[in-house]
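# coords below, sequence missing:
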């Protein structure tokens with residue numbers, strides 16, 4: 001248990017796409033696939049329990065993250081304020097699950113899922129491998145951000161629209177400007193990674209130097225948004241084709 005929380009971890013280090021990393025991704029995938037069975041269930045108690053359980057676990061997991069960083073001396077305003085996109089959507093997604101808010105869903109489907117995919121695939125775990133808290137906590141956090149929006153889509157029947165994607169693009173860029181032009185210069189921080197590239201292996205590693213990688217990242221984000229909307233675009237197209245055939 002001591003090695004689970006220790007600052008000076010001496011266990012197996014994190015390996016990108018190693019067995020532990022791939023297993024964690026598989027667990028997240030299987031959890032989301034389980035929503036298909038939940039959708040077929042006629043038990044409102046199961047749905048409510050799962051929805052509220054995910055909301056509570058997201059908040060508790062995030063609070064535990066802050067407590068651990070404070071305890072080991074890592075907590076500071078330059079890195080630990082809940083201003084990263086995923087930190088924001090931990091709390092927004094919890095509220096969304098608790099209230100079944102369609103307004104928050106508009107943003108969580110695109111910004112939440114799109115923002116959480118990258119750190120889930122290329123996490124900044126440092127030396128902390130499985131089963132350290134520093135490895136497990138981000139998997140739970142980013143996995144549940146994705147699962148919150150997927151749950152409301154698959155089980156509750158929510159769906160995004162072209163309009164909601166436009167809202168997400170606008171809100172995301174306004175928040176980016178706020179962080180880049182106000183917060184980071186005042187705090188000397190690098191929230192949303194707008195001040196410089198972080199020294200970790202991620203998608204940003206493949207992009208151009210500052211500040212051009214910000215524009216490239218915007219383009220990547222738009223592509224991710226379009227991919228996320230593609231199933232619904234295809235569904236609407238097929239409905240239009242069927243309607244046209246039935247009303248010649």
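On my side now, so go ahead. Predicted model only: the values in this text are computed from it and were never measured.

# next up, the contacts around the residue nearest the centre of the chain.
Nearest to the mean C-alpha position of the chain, counting by CA atoms, centre = their mean, stands residue 116 at 2.4 Å. Residues in contact with residue 116 (CB atoms under 8 Å, 6 or more residues apart in numbering) are 86, 89, 141, 142, 143, 145, 146. Backbone N, C-alpha and C define where each C-beta goes, glycine included.

# and those, which of them are buried?
86, 89, 141, 142, 143, 145, 146 (16 or more other CB atoms under 10 Å).

# against which helices or strands is the one helix or strand the fourth one maps to packed?
Take DSSP states H and E as the rule and residue 142 turns out to sit in helix 133-154. Helices and strands in packing contact with helix 133-154 are listed as helix 19-33, helix 35-40, helix 44-71, helix 85-99, helix 113-121; criterion 3 or more CB pairs under 8 Å, 6 or more residues apart in numbering; DSSP states H and E.

# picking that back up, ok, of the buried ones among the contacts of residue 116, which one's closest to residue 183?
Lowest distance from residue 183 to the buried ones among the contacts of residue 116 (CB to CB) belongs to residue 86, with 15.9 Å.

# state which helix of this protein is the longest.
Counting residues, the longest helix found in the chain (DSSP state H) is helix 212-246.

# show me what that helix is packed up against.
Helix 212-246 packs on helix 113-121, helix 162-178, going by 3+ CB pairs under 8 Å, 6+ apart.

# of those, which is nearest residue 131?
helix 113-121 (17.6 Å).

# what residues sit buried inside the closest one?
Across helix 113-121, burial judged by 16+ other CB under 10 Å covers 113, 114, 115, 116, 117, 118, 119, 120.

# would you turn those residues into TSV with pLDDT?
Shown next, in TSV, are the buried residues of helix 113-121 (pLDDT from 0 to 100):
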residue	pLDDT
113	97
114	95
115	94
116	96
117	94
118	90
119	91
120	94
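
# which of the residues you listed lies closest to residue 177?
Nearest member of these to residue 177, counting by CB to CB, is residue 115, at 16.4 Å.

# which residue packs closest to the closest one, ignoring adjacent ones?
residue 85 (4.1 Å; CB to CB, 6 or more residues apart in numbering).

# any weak-confidence spans in the protein?
1-2, 247-248 (pLDDT under 70).

# can you get me a residue count around residue 31?
For residue 31, the count of nearby residues is 16 (other CB atoms under 10 Å).

# again, but for residue 30
9.

# now name the helix or strand holding residue 210.
Short version, using DSSP H and E: residue 210 is in no helix or strand.

# residues near the closest residue to residue 39 other than its chain neighbours, how many?
Nearest residue to residue 39 in three dimensions, chain neighbours excluded: residue 155, at 4.8 Å (CB to CB, 6+ apart). When neighbours are counted by other CB under 10 Å, residue 155 registers 19.

# then residue 207?
With other CB under 10 Å as criterion, residue 207 counts 17.

# quick one, phi psi at it?
phi -90, psi 170 (degrees, to the nearest 10).

# list the residues that contact it.
Counted by CB under 8 Å, 6+ apart, residue 207 has contacts 197, 213, 216, 217.

# go again using 10 Å as the cut-off
Residues in contact with residue 207 (CB atoms under 10 Å, 6 or more residues apart in numbering) are 197, 213, 214, 215, 216, 217, 219, 220.

# just give me the closest of these to residue 15.
Of those, the one sitting nearest to residue 15 (CB to CB) turns out to be residue 197, at 21.8 Å.

# how near is that closest one to residue 207?
As judged by CB to CB, to the nearest Å, residue 197 and residue 207 stand 8 Å apart.

# what is in contact with those two at once?
residue 213.

# number of nearby residues for residue 98?
Neighbours of residue 98 using other CB under 10 Å come to 14.

# same check, this time on the one 5 residues further on
As a burial measure, the neighbour count of residue 103 was computed by other CB under 10 Å and equals 11.

# many thanks, I have nothing further to ask.
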